[in-house]
Structures are given as C-alpha cells and as structure tokens.
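Undergrad: Model the following, please.
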Amino acid sequence: MSDRIPTQDVTTDAGVGHHDPANATSTDMYASRRHIYVREIKGVFQRLRRVSNWVLMGLFFGLPWLSWNGQPLILFDLPARQFHIFGGTFYPQEFMLLSWLLIICAFGLFFITVFAGRVWCGYTCPQSVWTWLYIWVEKVTEGRRNRRIKLDQQPMSLDKAWRKGAKHLMWLAIALATGLTFVGYFTPIQGLVADLAHVEVGGWALFWIGFFTIFTYLNAGWLREQVCIYMCPYARFQSVMFDQDTLIVSYDAARGEPRGPRKKRLSHEEARAAGHGDCIDCDLCVQVCPTGIDIRDGLQYECISCAACIDACDSVMDKMGYPRGLIRYTTEHALEGGRTHILRPRLIGYLAALIVMIGLFAWAVNDRPTLEFDIERDRNQLYQMTQDGLISNAYTLTIRNLDDRAHTYRISMQGLPGIELIGNEAVTIGAGESRLVTLQAAVDADVISRPSHELQVILEASDEDIRQARETRFIGQIRR
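TA: Residues are numbered from 1 along each chain as shown. Sure thing, here's the model as predicted:
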C-alpha cells in the first residue's frame, strides 16, 4: 500500500471543475522527523527555567543518598513491602493514600493548566528538563546552533567523529546516571553502586538500569519534541482546559504586523509611520523554540510555554529600541483588548477541590493507625461443646503492625459475661510484619440467651498506647 496521497489541482472554467493529470502532485502521508537545532538564548525566563531544572535534577539525583533516623529518606522497598518516605513507613494496605496523592497531583495539574497553560511542561516536566540538559551537551561538544548545522552538513572527518562521539558518550553517561538513580529509589543506592562497581549487581536491577538508560538516551537525545507532541497525552487534552483567560505565551499580531526587516537606526515612531509593525522577521523566536514552532502562527498545542521565544524577542526589541512584550505571557482576552478575569468559576472550583483534598490527605497521614487487624470466625463449624460443658467458637485474626518497631499485643474479648480465651493471649509482631493468629473463645452454656451474640475483640500494645477493636459474633446453643 502506498504511503503517498495524491492531490489534485482543480481549475474552474465556466463554473465546472476539471482535473489536469499533468499537474497532479503527491504529498507524504508520514513525514520524517526534522531535526531541530535549538539556539541558546539568555533572559529572565531562561534563568528561571535553568534554576528550576538544576533544583529538580539535584533533588532527583540527591534524595536516594539521604537518610533519616537510620533509614533512607525515600525508598520503595518492594520485596519487604515497605515504602519509606520522609521518615514515615507505609505499607501496601495503605494504598488508598497513594490514590489520594495521585488525585491531588491530577487536580494540581488541572489548576495550573487552567491558570497558566503548559508551564508545567516548560519548566518542570522531566522530558523537558532532560532535553534541555542534552541540548546543553550538544552545545558543549558541537558548538552553537550555526556550528552544529554546518557540522552535520560536512562529510565525516576526525573532528566531526570525535565531537559526535563525545556527545553520545556524555548522553549515555547522563542516561546511565539517571537509570542508576531511578533504580536507587527501589533498592539502597549505596549497595547498588558498590555491586555495580564489583560487577555483582542482580539480574533484575541490571535490567531496569539498562531499560531506563536506553529510555532516557532515546527520549532526551533523539525523540525530544516528538514525545511532547505525539506521545504525551497531556499535549492532547490540555487544550480543552484552556479558556480566554488562561495565561499563554502569545505573539501580539496587532502590534507586530506587518512584519519585515528594516534599518536598525529607524526609530520605533519612524517605523510605525512607515507602515512597519514591530516584528522585524528575524526568526529568532523560531530558532530558540525546542519544539520548532513559529509562535507568530497563533496558539498551538505544541507550545510548552518555556518562554524561550519571549526572551529572544525581548533581546531583539532591546537592540532595536522598541518596547518589550511583542511576545509575552498574556491571555486571549488581553490580546483582544478586553479584561482578563483571574478568578473564574472553573479555576476557583479546582482550587477549592485541591485545598480540600490536601487537607484530607494531611489528616489521613497524620491519623494513620499503627495497628490494623481483621477477624474472621470459623464458618466450617458453628460451635463446639467442650468437656467442661462450655461452648467455644474458633477465630482467625490477621494482625498487621504498621509501626516502625516491634510490639507485643494483648488480646481480649468483651460482650459475654465470663468469656475466656483458649490459647495465647499475647502475640509479638515485628515492625511492618503481618501474622495470622488462631484462637478460641469459650463461655458457659448457661450464659447463652440467644443463638448469636455480638462480641468485641480488642488488641492493646503492652508498651505503648495503641489500641484497636473489631466486632464479631459468638454462636451458641440455647439450653432449654
């Protein structure tokens, strides 16, 4: 099947369209990736982005090495089913907290998107952070934008080979450090690095280090804007969250058009009088864009709001002696001469929901129990009669110690006069461990006044004020 779609030139003669086969053209259905040579630019927003990028990378690479009270600050210990996060230990039974956290992140992203568009993408998204880092490596090894373009057009030479080789080696080194650090969030990184240095690392750890190394190398080095444009679902659904009051990076066409070159010594007033807009058509805003778009074409979903074009345009305006802000953070209402409404129902709704969920999450984390247990009565046999004339029921307790140290728990029952436990009344459970405990409860048959009685099972720690209670039932036979 052909990957080309024929298009037709249609001319009109007396109102009838005619197709001329000689003029038929075809266009590619699938266009190959056009490499984007991103130009470096300095400015207020780029300094802000660089600070944000370095802080985020510092946190990513540094957190696995930090400890708190003898345990890693962040460690998702899957084999032990323990998640150490900033001094607290969480367990799979507390999965609901993770669900809440993900919902909070989602609503936070919705709020930011409605308020300021894709600033998350431009300043904090890992894909953008690592892409900018790889672009910086390109500049260090191959030179600035024009030098890189010329280098790629030249035939292979010793100079080109070592520059390309150095670039890819640095890319791979960064990717390896990224993969190693990522795995370090799931296994203690000190031991992981030592095992890797002695070639003693386990098979699964080696697999995931290799996977994330390749993943980082391809995404940040080769795919780049393709991830943002085609692979990221956020690029597709974020547009439905925009409104005319959303803060976006935009070109002021009313001020910039008609664009075109002019003499530098021409003042702003003289340029206006001559019919020129403020845009001198230098294309610098296109050269600095990491996704390769022309912001002057209007709002586009490919724009990640990194503001590189703002800094580039402002630098040109400064050189020309024109006012800044031809490209700026603004809203569609402001561009149309209207008033921007910051506080609007949808934004307030997202903010209110976000505040409520953060409050509930903080309360849930602060109030999370250090002990949980479930009780199940043996359903295979309703009750037993002992030799002493007592009626007994069998129960199975699943006890989970969610604390970070071991505890001894005393088991007791309430609800029937004279009820006694047959078996161990105390059990010791290590930190983060679970244990099944079977026990029997017996009571004098004379106490039974009906076939089923409510019963309360209580667990209390002997060394700390920890107490949990659960309801169950005691089944017996009424004496007649």
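Undergrad: Name the SS class of Cys306, please.
TA: coil (DSSP: H, G, I helix; E, B strand; the rest coil).
Undergrad: For it, grab the count of nearby residues.
TA: 24 (other C-beta atoms under 10 Å). To be clear about C-beta, it is placed using only N, CA and C from the backbone, and glycine gets the same treatment.
Undergrad: quick one, what contacts it?
TA: Phe45, Arg49, Cys121, Gly122, Tyr123, Ser128, Pro290 (C-beta atoms under 8 Å, 6 or more residues apart in numbering).
Undergrad: Now do the same for the helix or strand hosting the first one: mean pLDDT, whole number.
TA: Same thing as Phe45. Here Phe45 sits within helix 44-62, counting by DSSP states H and E. For helix 44-62, mean pLDDT is 97.
Undergrad: from the middle of its chain, how far away would the following helix or strand past that helix be?
TA: The helix or strand immediately downstream of helix 44-62 is strand 67-68, counting by DSSP H and E. How far strand 67-68 lies from its chain's middle: 24 Å, per C-alpha atoms, centre = their mean, to the nearest Å.
Undergrad: What pairs with the following helix or strand past strand 67-68, parallel or antiparallel?
TA: Once the chain leaves strand 67-68, the next helix or strand it forms, by DSSP H and E, is strand 71-72. In the sheet containing strand 71-72, its partner strands are strand 67-68 (antiparallel), by DSSP bridges.
Undergrad: ok, and for stretch 222-237, which residues are buried?
TA: Leu223, Arg224, Glu225, Val227, Cys228, Ile229, Cys232, Tyr234, Ala235 (16 or more other C-beta atoms under 10 Å).
Undergrad: Quick one: residues in contact with that stretch.
TA: Residues contacting stretch 222-237 (C-beta under 8 Å, 6+ apart): 33, 36, 109, 118, 121, 127-128, 131, 134, 219, 290-292, 301-302, 304.
Undergrad: what about 10 Å?
TA: Outside stretch 222-237, the residues that touch it by C-beta atoms under 10 Å, 6 or more residues apart in numbering are 33-36, 38, 109, 113, 118, 120-121, 125, 127-128, 130-132, 134-135, 171, 217-220, 238, 241, 289-293, 300-304.
Undergrad: what about that stretch, average pLDDT?
TA: 90.
Undergrad: likewise stretch 92-104?
TA: 87.
Undergrad: Dump the C-alpha coordinates for it into PDB.
TA: The C-alpha trace of stretch 92-104 is given here as PDB (Å, rounded to 0.1, in the frame of the first residue of the first chain):
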ATOM      1  CA  PRO A  92       0.600  -1.900  50.700                       C
ATOM      2  CA  GLN A  93      -2.500  -1.900  52.900                       C
ATOM      3  CA  GLU A  94      -2.300   2.000  52.800                       C
ATOM      4  CA  PHE A  95      -2.600   2.000  49.000                       C
ATOM      5  CA  MET A  96      -5.600   4.400  49.300                       C
ATOM      6  CA  LEU A  97      -3.100   7.100  50.400                       C
ATOM      7  CA  LEU A  98      -1.200   6.800  47.200                       C
ATOM      8  CA  SER A  99      -4.500   7.000  45.300                       C
ATOM      9  CA  TRP A 100      -5.300  10.300  47.100                       C
ATOM     10  CA  LEU A 101      -1.900  11.600  46.300                       C
ATOM     11  CA  LEU A 102      -2.200  10.900  42.600                       C
ATOM     12  CA  ILE A 103      -5.700  12.600  42.600                       C
ATOM     13  CA  ILE A 104      -4.100  15.600  44.300                       C
END
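Undergrad: So Val140: helix, strand or coil?
TA: Looking at Val140 with three-state DSSP, the answer is helix.
Undergrad: quick one: Asn401 and Thr428, what's the gap?
TA: 9 Å (C-beta to C-beta, to the nearest Å).
Undergrad: So which of those two has more stuff around it?
TA: Remark: of Asn401 and Thr428, Asn401 carries more neighbours, 25 against 12, as counted by other C-beta under 10 Å.
Undergrad: Per-residue pLDDT of Arg479, please?
TA: So, for Arg479, pLDDT stands at 64.
Undergrad: Now do the contacts for the residue lying closest to Phe83 once chain neighbours are set aside.
TA: In this structure, Phe83 finds its nearest non-sequential neighbour in Phe90, 4.4 Å apart by C-beta to C-beta, 6 or more residues apart in numbering. By C-beta under 10 Å, 6+ apart, the contact set of Phe90 is Phe76, Arg81, Gln82, Phe83, His84, Leu97, Leu98, Val365, Arg368, Leu402, Gly432.
Undergrad: ok, now Phe207?
TA: Counted by C-beta under 10 Å, 6+ apart, Phe207 has contacts Val183, Val201.
Undergrad: helix/strand/coil for it?
TA: Phe207 - assigned by three-state DSSP - is helix.
Undergrad: ok, it to Arg339 distance?
TA: 56 Å.
Undergrad: Repeat that for Leu459.
TA: In terms of C-beta to C-beta, Leu459 sits 62 Å off from Arg339.
Undergrad: Comparing those two, which shows the higher neighbour count?
TA: Between Leu459 and Arg339, Leu459 has the larger neighbour count (other C-beta under 10 Å), namely 23 against 10.
Undergrad: Just read off the phi/psi values of that one.
TA: Here is the backbone geometry of Leu459 (degrees, to the nearest 10): phi -120, psi 130.
Undergrad: and the gap between it and Ile295?
TA: Relative to Ile295, and taking C-beta to C-beta, Leu459 is found at 64 Å.
Undergrad: Ok, Arg470 next?
TA: Relative to Ile295, and taking C-beta to C-beta, Arg470 is found at 62 Å.
Undergrad: Between the two, tell me which one has more neighbours.
TA: Counted by other C-beta under 10 Å, Arg470 and Ile295 do not tie: Ile295 has more neighbours, with 21 against 14.
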